[in-house]
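Visitor: Let me see the structure of the following:
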Amino acid sequence: MDSVLAMFSSLALSFGQWLRPYLYDIALLLVVCLVSLYANDIIKVTKRFVARRHFFVRVAVFVLVTGFGFGLLVVFVTPLLSQLLMLFGTQWLGTMAIAAFTILGVIADKKNQL
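Guide: Have a look, this model is predicted:
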């Protein structure tokens, strides 16, 4: 039993070491997927907020929310998420990445976006 656990531990460590150079890219992908899952909801709320406003106000708010808001969210949250993924160490990095993508898949399925 100990040899099986040692094998899985070694495999997890090797997988984590293989993923570590790509940690920022993995975090970026997770953030972009999360933003794309909730972008439609945020845009609907924004539309309700500016529905009766002048055309230029609607366009300006749309550009601010979608262009700058989502962009800043991706830029500032990605390093935080990469640090969060490494919180458990290299051995658990692969497991954490797989779990994060699985959770995103479940959310996408519940939102009928698959």
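Visitor: got the contact list for A99?
Guide: By Cβ atoms under 8 Å, 6 or more residues apart in numbering, the contact set of A99 is empty. (C-beta placed from N, C-alpha, C; glycine too.)
Visitor: In three-state terms, label it for me.
Guide: helix (DSSP: H, G, I helix; E, B strand; the rest coil).
Visitor: Can you tell me how far it is from G105?
Guide: 11 Å (Cβ to Cβ, to the nearest Å).
Visitor: And for Y22?
Guide: Relative to G105, Y22 is positioned 19 Å away (Cβ to Cβ).
Visitor: try L84
Guide: 19 Å.
Visitor: Repeat that for F68.
Guide: In terms of Cβ to Cβ, F68 sits 29 Å off from G105.
Visitor: more crowded one of the two?
Guide: More crowded of F68 and G105, by other Cβ atoms under 10 Å: G105, with 13 against 10.
Visitor: Isn't that one up against K111?
Guide: No - using Cβ atoms under 8 Å, G105 is not in contact with K111, being 10.8 Å away.
Visitor: Which stretches in the protein count as helices?
Guide: Per DSSP state H, the chain carries helices over the ranges 2-19, 23-50, 55-62, 70-85, 93-110.
Visitor: Quick check: mean pLDDT of the second one?
Guide: Averaging pLDDT along helix 23-50 gives 91.
Visitor: helices and strands around it, which ones?
Guide: helix 55-62, helix 70-85, helix 93-110 (3 or more Cβ pairs under 8 Å, 6 or more residues apart in numbering; DSSP states H and E).
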